[in-house]
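# sequence and computational prediction follow.
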Amino acid sequence: MTHAQPLSAFTTLRLGGPADAVVDCTDTDALIDTVTALDRAGTPVLLIAGGSNLVIGDDGFAGTAVVIATDGVEFGSDDAGPYVTAQAGADWDSLVAATIDAGFGGLECLSGIPGAAGTTPVQNVGAYGVEVGDLLRAVRLLDRATGDTRWAGPDELALGYRTSNLKGRDDHVVLAVSLRLNDGGTSQPIAYRELARRVGVDEGATAPAVDIRATVLELRRSKGMVLDADDHDTWSAGSFFTNPIVGDDAIDGVLDRIRAVVGDDAAIPQFPADGGSKLSAGWLIERAGFTRGYPSEDAAARLSTKHTLALTNRGAASTADLVALAGTVRRGVLERFGVELHPEPVFVNCSLPR
């Protein structure tokens, strides 16, 4: 245990003030015992696993930060086929690489995503047309009220676009994740047009998972979405805002308002979604006047120079700087297009201004 350690060391944004104490848990039994003991003592607990989706305030956290550093990975099979089970703290991209090295496919489109395996089902992480929920077999959960552990299937998690019923609550801790895999190193069907074009296959076709992984990593690096300590464009929480979903009853009015700003001939990215249409947050941000690198080269916090959906720490930013930038972008999009963007990261001891 260490005391008053800055939590910036545990987040991909490299932001966050100190916690009263920090505890590393390298095995699942220690994680269960630590969280249970802290709960019984009435000590506030902040769980950190990978830190890729956390915005922690400059004042830090008044309690104990528990760093989930469990990293075991096991392969298995059942009547439905092969699967992999990873402890919650396992590095996600290393897990994806291990499945492909072992001759399986399925997770390749999720290559390069920073963070830990245990966080992926919480917000149903997705990229390039694949979501964790497409392959999720089960999650092992700790019930903090009772101290019991159990496996829960995907049907219990209410998985949706970047959400589940585990998100925004802290009464359960994800201890492990089990995911279905494809035999023969075969990818999931390619559902993302840019990826299909790069690989040279039709949308809906499959390809060798190793090739898809290489292409996805190439695409993500071009957008500053693969962690690199020397590249401040990767000092981010990934995509800061989710793509907004506009209901069927409102979409025509929203599209009319957007066209009134950008022109009637504009090709507005629009995709079917449950209950409405999904718009592109990055496209809206750019058309609202927030270009790559906004607001300036000298700003401590600014939009990535490669991708407007990433808000970055240029090395000397505070959380307050980053949150202020996020608020400016969200207000600008709302004022210009009438569309409210919602943040994807979890905020700790800070909040996004309206």
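Structure's in. What do you need? Residues are numbered from 1 along each chain as shown.

# just checking, residue 326 is part of a strand?
No - counting by DSSP: H, G, I helix; E, B strand; the rest coil, residue 326 falls outside a strand, being helix.

# and residue 33, how far is that from residue 42?
17 Å (C-beta to C-beta, to the nearest Å). C-beta coordinates here come from the backbone N, C-alpha and C atoms, glycine included.

# so for those two, which residue has more residues nearby?
Neighbour count, other C-beta atoms under 10 Å: between residue 33 and residue 42, residue 33 has more, with 13 against 7.

# quick check: that one is in a helix.
Yes - secondary structure of residue 33 (three-state DSSP): part of a helix.

# shaky segments in the chain?
Along the chain, the model assigns pLDDT under 70 to residues 1-4.

# quick one, helices of it?
Applying DSSP state H to the chain gives helices spanning 28-41, 92-101, 193-199, 209-222, 251-262, 281-287, 319-337.

# for the longest one, buried residues please.
Buried residues in helix 319-337, counted by 16 or more other C-beta atoms under 10 Å: 319, 321, 322, 323, 325, 326, 329, 330, 332, 333, 336, 337.

# what does stretch 15-26 give?
15, 16, 17, 18, 19, 20, 21, 22, 23, 24, 25.

# and for stretch 88-108?
Quick answer for stretch 88-108 (16+ other C-beta under 10 Å): 88-93, 95-100, 104-108.

# mind exporting the C-alpha coordinates of stretch 73-84 to CSV?
C-alpha atoms of stretch 73-84 as CSV (Å, rounded to 0.1, in the frame of the first residue of the first chain):
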residue,chain,number,x,y,z
VAL,A,73,-5.8,-16.0,-19.3
GLU,A,74,-7.1,-19.5,-20.0
PHE,A,75,-8.6,-21.1,-23.1
GLY,A,76,-11.3,-23.7,-23.1
SER,A,77,-14.2,-25.1,-25.1
ASP,A,78,-17.7,-26.4,-24.6
ASP,A,79,-20.6,-27.6,-26.8
ALA,A,80,-20.8,-24.1,-28.4
GLY,A,81,-17.1,-24.0,-29.3
PRO,A,82,-13.9,-22.4,-28.1
TYR,A,83,-13.7,-19.5,-25.6
VAL,A,84,-11.2,-17.6,-23.6
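
# quickly note the distance from residue 221 to residue 52.
Taken as C-beta to C-beta, the span from residue 221 to residue 52 is 16 Å.

# the two: which is more packed in?
Ranked by neighbour count (other C-beta under 10 Å), residue 221 and residue 52 place residue 52 first, with 20 against 16.

# ok so, going back, and of the helices of the chain, who's closest to residue 156?
helix 28-41 (20.1 Å; C-beta to C-beta).

# can you list the residues that contact that closest one?
With C-beta atoms under 8 Å, 6 or more residues apart in numbering as the contact definition, helix 28-41 has outside contacts at 23, 25, 45, 47, 64, 66, 68, 70, 87-88, 142, 144, 147, 149, 173, 175-176.
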